[in-house]
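Undergrad: got a predicted model here, sequence first, then my questions.
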Amino acid sequence: MTIDAVSYEYGSEGNPYLGRIALQWFSDERFIASYHHRALRSEWHGHLRPGSFLKVYTALLAAGFPNVPPLGELVAGESPLELGWLVDGTWHRVEVKEESTTFSNVITIASTILSVLDPNLAGMPSGETTPIIEQHLVQAPG
């Protein structure tokens, strides 16, 4: 089994406070991140330090992905955290609650990337350094 990519998405474009954030890591250490909030759309492409993809892949495996318990009820305004991985051309996706401690390592890795792209997207977790070595904005906010 070859894992070619991992995805991390949460929120919704219509959320009045947050918007929708999506991040994909690729096995060749590339990433694509996007942010959509109402009319504002931004997208970044970049490269990660060697070993960053393995770090998120290992964190997903340690959390039991893709075998996770059912999502359960969401409260009004709550959006699930959507996780996925691409295996042999097929995406496998699950939804978990954003506050799920099971996936805290995955959330931390995503935050280290997102906080560098735009500090409003995620705060840098305490004691963490970013895995990004190169990034650029593809579409100007707008």
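TA: It's in. Numbering: from 1, shown residues only.
Undergrad: downstream of the helix or strand hosting residue 47, the next helix or strand is which one?
TA: Using DSSP states H and E, residue 47 sits in strand 40-48. Later in the chain than strand 40-48, the nearest helix or strand by DSSP H and E is helix 52-62.
Undergrad: what's that following helix in contact with?
TA: 3, 6, 25-29, 83, 85, 103, 105-106, 109-110, 131 (CB atoms under 8 Å, 6 or more residues apart in numbering). No exception for glycine: its C-beta is placed from N, CA and C like everyone else's.
Undergrad: now the strand holding residue 47: average pLDDT?
TA: The predicted model gives strand 40-48 an average pLDDT of 90.
Undergrad: sheet partners, orientation included, of it?
TA: strand 30-37 (antiparallel), strand 132-139 (antiparallel) (DSSP bridges).
Undergrad: comparing these by mean pLDDT, which bottoms out?
TA: Lowest mean pLDDT of the strands paired with strand 40-48: strand 132-139, a mean of 59.
Undergrad: got the angle for the helix ranked longest in the chain vs strand 30-37?
TA: In the chain, taking DSSP state H as the definition, the longest helix is helix 104-117. Helix 104-117 and strand 30-37 meet at an angle of 80 degrees, taking axes from the mean of the first three to the mean of the last three CA atoms, to 10 degrees as the criterion.
Undergrad: for burial, what's the neighbour tally of residue 108?
TA: A count of nearby residues for residue 108, using other CB atoms under 10 Å, gives 18.
Undergrad: what distance do you get for it to residue 26?
TA: Distance, residue 108 to residue 26, by CB to CB, to the nearest Å: 19 Å.
Undergrad: what of residue 2?
TA: For residue 2, the distance to residue 26 - CB to CB - is 12 Å.
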